[in-house]
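Asks: return atomic coordinates for the entry below.
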Amino acid sequence: QVQPVESGGGLVQAGGSLRLSCVGFGRTFSSYAMGWFRQAPGKEREFVAAISWSGGSTAYADSVKGRFTISRDNAKNTVYLQMNNLKPEDTAVYYCNADTMMKTITNVNRFGSWGQGTQVTVSS
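Replies: Numbering: from 1, shown residues only. Below is the predicted model:
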């Protein structure tokens with residue numbers, strides 16, 4: 001597994017938007033379901049969003065439904081997370097990872113390794 005590289009984070013005011021990108025996982029990228037996860041200071045890492053290998057199925061944590069959109073471009077080995085109407089509670093380091101199945105990708109404990117992530121800070 002090629003380590004992912006996350007980017008696109010930054011400092012934004014509440015109500016603002018950011019678009020995160022994650023590149024990695026080599027030539028097998030298009031065969032994996034992809035997920036975004038986040039970890040806030042002092043909290044455990046949590047699932048945010050996932051997308052099937054084809055892009056035909058998506059899943060979201062309740063806390064981000066209607067505000068975040070996950071998408072992917074298999075030709076570029078890239079998965080995106082469009083984040084709108086950001087809230088201070090969205091402040092966290094955001095990570096991506098890959099899984100063979102959508103039904104298990106929400107379990108953060110499945111993953112043995114993570115990239116460096118990208119910091120998102122939302123000011124009130």
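Asks: residue boundaries of the strands in the chain?
Replies: 5-7, 10-13, 18-23, 33-39, 46-51, 58-60, 68-73, 78-83, 92-99, 118-123 (DSSP state E).
Asks: looking at those strands, which is nearest to residue 107?
Replies: The closest approach between residue 107 and any of the strands of the chain, judged by Cβ to Cβ, belongs to strand 46-51 at 7.7 Å. From N, CA and C alone the C-beta is placed, and that goes for glycine too.
Asks: hmm, residue 83 is touching residue 90, no?
Replies: Yes. The pair residue 83 / residue 90 is scored as a contact, 6.9 Å apart, by Cβ atoms under 8 Å.
Asks: looking at the two, which is more packed in?
Replies: Between residue 83 and residue 90, counted using other Cβ atoms under 10 Å, the more crowded position is residue 83 (26 against 22).
Asks: OK, contacts around the residue nearest the centre of the chain?
Replies: Nearest residue to the geometric centre of the chain (Cα atoms, centre = their mean): residue 36, 2.0 Å. Residues touching residue 36, when contacts are defined by Cβ atoms under 8 Å, 6 or more residues apart in numbering, comprise 20, 22, 48, 49, 50, 70, 79, 81, 94, 95, 96.
Asks: ok, what's across the strand from the first one?
Replies: Taking DSSP bridges, one finds residue 81 as the beta-bridge partners of residue 20.
Asks: same deal with the last one?
Replies: Counting by DSSP bridges, residue 96 forms beta bridges with residue 36.
Asks: still on that earlier bit, now, of the strands of the chain, which is deepest in the fold?
Replies: Using mean count of other Cβ atoms under 10 Å, the stretch among the strands of the chain with the greatest mean number of neighbours is strand 33-39 (a mean of 24).
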